[in-house]
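> fold the following for me, if possible:
(chains A and B)
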Amino acid sequence: MPFINGKFYMNPAYGRALENARANESTDGTQGGHWVTIDGRHVLIQGRQEAQTPQASPNQLAHLRQVQKRRDEAKAEVGYGETSGIVPEKSADSPSNASPYQRSTWDPSSTKNLQDARKNIMDISERNGIVKKSKPDDPNNKIQQSIWQDNLSVAKNSHGDMPGRYFLIRQEGKGPQRPPASAGFGQGKPISEYGPFRNVGGGDVPRGNRTFIDIYDK
Amino acid sequence: MTNRLLVILILTMVILAGLPSRPLLAQESTSVSGEIRQLGRGNDDRQIVATLAKAPRLAVQLLIDELRPVNETRILASEKRPEAEHVLWSIRALRYLTGGKDFCGQTRHEFDKSEFERNRKYWLYSRHRTCVSFFAMWPSRGTEYVAPQDAQNEIILKWRDWFKDQGASFDYKPLLNPKPEEWLW
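Sure thing, here's the model as predicted:
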């Protein structure tokens, strides 16, 4: 966990923001501490005795929430930009003509697997920022919005702890199964693999039901 | 008379002294040219670029001669376009040999709203932000997007002008164990 100003934070951006807010205040007083809850997160604010503990002002809390929101959205943009055309596998008992976007027909295990892959991709983006970022372009498009929400929910749990520095999205049986040599990565074996999923969008990956996301560290 | 003899003697010595080095230079040039011709044409391109780093100034000069506009706008990982790849690899080699130097260009091209054009615009602007790269790669797809022709022409001219002005005096320090994003994408 990141260690910021003498404290550990699960979320480095959040910790830095909080410590910056604290640094703007005077530093009189002896060490103490108290917990506050911000957006359902328990945060330890240390630094003074209770009598002198500076409560984060409403403005500071609002600022922190804004920082957190921006950070979550930035992560979600990575997941959306890279995987918005991908949906989980269909569950065995769903009708064959079901729309790929009909969530009730998604296999729960595959749905979790895709969310894990998204988290891994978002984590990688902390180390390697050359990723596709995008947001839904139509606020009235329910499919876009639901996929955006999927990514947003994962983004809140992305803290950069999952391994890897690169990833490749491929369709099994169609096209190359490894990155081209000119990509400069993926010449060894992937360190993990997610899938199969269904690629119903484009994004330069052939469409099909055997879509995999491979994670590489070199 | 004595002076004339002296001048002739000195000139003869200078000519004789230069003789062994000329074939060596020509040999080196031929060898580097041969390596450069292989770029992007199905060989181990990274190994070729590493070899070029042994004579970076000459290699840069010859690589700039290889630059020309390409017609492709996108090369998928599954596609083989050796002539275009040759030019893209020449740009990569130039970045590598010059320690990461890269030029971008302005374009009058209007990217439309299609998914392809939106992706192309996104990636071409991703490195320099205000102008487009000659090409850019979407790493998770292995797809290469190529700049519109007007920007390609501008970038080629910038390389030529730079070499004409600074090529002789430039301190060539090839990249050391670069990350892919520093020269390949």
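> tell me, how many residues neighbour whatever residue of chain B ends up closest to chain A?
Here the residue of chain B nearest chain A is residue B:180; by Cβ to the nearest Cβ that distance is 3.1 Å. Where you see a C-beta, it was placed from the backbone N, CA and C, and this is true even at glycine. When neighbours are counted by other Cβ atoms under 10 Å in any protein chain shown, residue B:180 registers 20.
> surely it meets residue B:139?
Yes. Here residue B:180 reaches residue B:139: they are 7.3 Å apart, a contact under Cβ atoms under 8 Å.
> need the residues touching each of those two.
Residues within reach of residue B:180 and of residue B:139 at once, by Cβ atoms under 8 Å, 6 or more residues apart in numbering or on different chains, are A:166, A:183, A:185.
> how about the contacts made by the last one?
Residues touching residue A:185, when contacts are defined by Cβ under 8 Å, 6+ apart, comprise A:165, A:166, A:179, A:216, A:218, B:139, B:180.
> redo that, cut-off 7 Å
Shown in contact with residue A:185 (Cβ atoms under 7 Å, 6 or more residues apart in numbering or on different chains): A:166, A:179, A:216, A:218, B:180.
> separate out the buried members of these.
Among these, those classed as buried by neighbour count (16 or more other Cβ atoms under 10 Å in any protein chain shown) are A:166, A:179, A:216, B:180.
> my guess is the first one contacts residue B:137. True?
In other words, residue A:166. No. Taking Cβ atoms under 7 Å as the definition, residue A:166 is not a contact partner of residue B:137, at 11.6 Å.
> pass me the low-pLDDT residue ranges in the chain, would you?
Let's take chain A. Low-confidence segments of chain A (pLDDT under 70): A:1-54.
> I was thinking of chain B, sorry if that wasn't clear
In chain B (pLDDT under 70), the answer is B:1-2, B:14-25.
> if you set the cut-off to 90 instead, what comes out?
For chain B, the stretches with pLDDT under 90 are B:1-30.
> mind listing the strands for chain A?
For chain A, the strands defined by DSSP state E occupy A:3-4, A:7-8, A:33-38, A:41-46, A:86-87, A:166-171, A:192-199, A:208-216.
> show me what the fifth one is packed against.
Counting contacts by 3 or more Cβ pairs under 7 Å, 6 or more residues apart in numbering or on different chains; DSSP states H and E, strand A:86-87 packs against strand A:192-199.
> let me know the closest of the contacts of residue A:185 to residue A:189.
Using Cβ to Cβ, residue A:216 is the member of the contacts of residue A:185 that lies nearest residue A:189, at 8.4 Å.
> distance of that closest one relative to chain B?
10 Å (Cβ to the nearest Cβ, to the nearest Å).
> show me the beta-bridge partners of that residue.
The partner list for residue A:216 in beta bridges (DSSP bridges) reads residue A:166.
> which bits of chain B sit near chain A?
Counting by Cβ under 7 Å from any Cβ of the partner chain, chain B comes close to chain A at B:45, B:76-78, B:115, B:122, B:137-143, B:180-181, B:184-185.
> so how do I select the buried members of the residues you listed in ChimeraX?
A single ChimeraX command selects the buried members of those (16+ other Cβ under 10 Å):
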select /B:45,76,77,122,137,138,139,140,141,142,143,180,181,184,185
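> run the chain-centre distance for the lengthiest helix in chain A.
Assignment by DSSP state H gives helix A:58-83 as the longest helix of chain A. When C-alpha coordinates are averaged (Cα atoms, centre = their mean, to the nearest Å), helix A:58-83 and its chain have centres 10 Å apart.
> again, but for stretch A:142-154
12 Å.
> I'd like the shared contacts of residue B:180 and residue B:139 laid out as CSV, including distance to residue A:78.
Shown next, in CSV, are the shared contacts of residue B:180 and residue B:139 (distance: Cβ to Cβ, whole Å):
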residue, distance to residue A:78
A:166, 13
A:183, 18
A:185, 17
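> kindly report the residues of chain A close to chain B.
Within chain A, the positions near chain B by Cβ under 7 Å from any Cβ are A:82, A:130, A:132, A:166-169, A:175-176, A:179-185, A:202-205.
> taking the residues you listed one by one, which sit in helices?
residue A:82.
> who are the contact partners of the residue positioned nearest the centre of chain A?
Computing the C-alpha centroid of chain A and ranking residues by Cα atoms, centre = their mean puts residue A:155 first, at 3.1 Å. Going by Cβ under 7 Å, 6+ apart, residue A:155 touches A:72, A:75, A:76, A:79, A:122.
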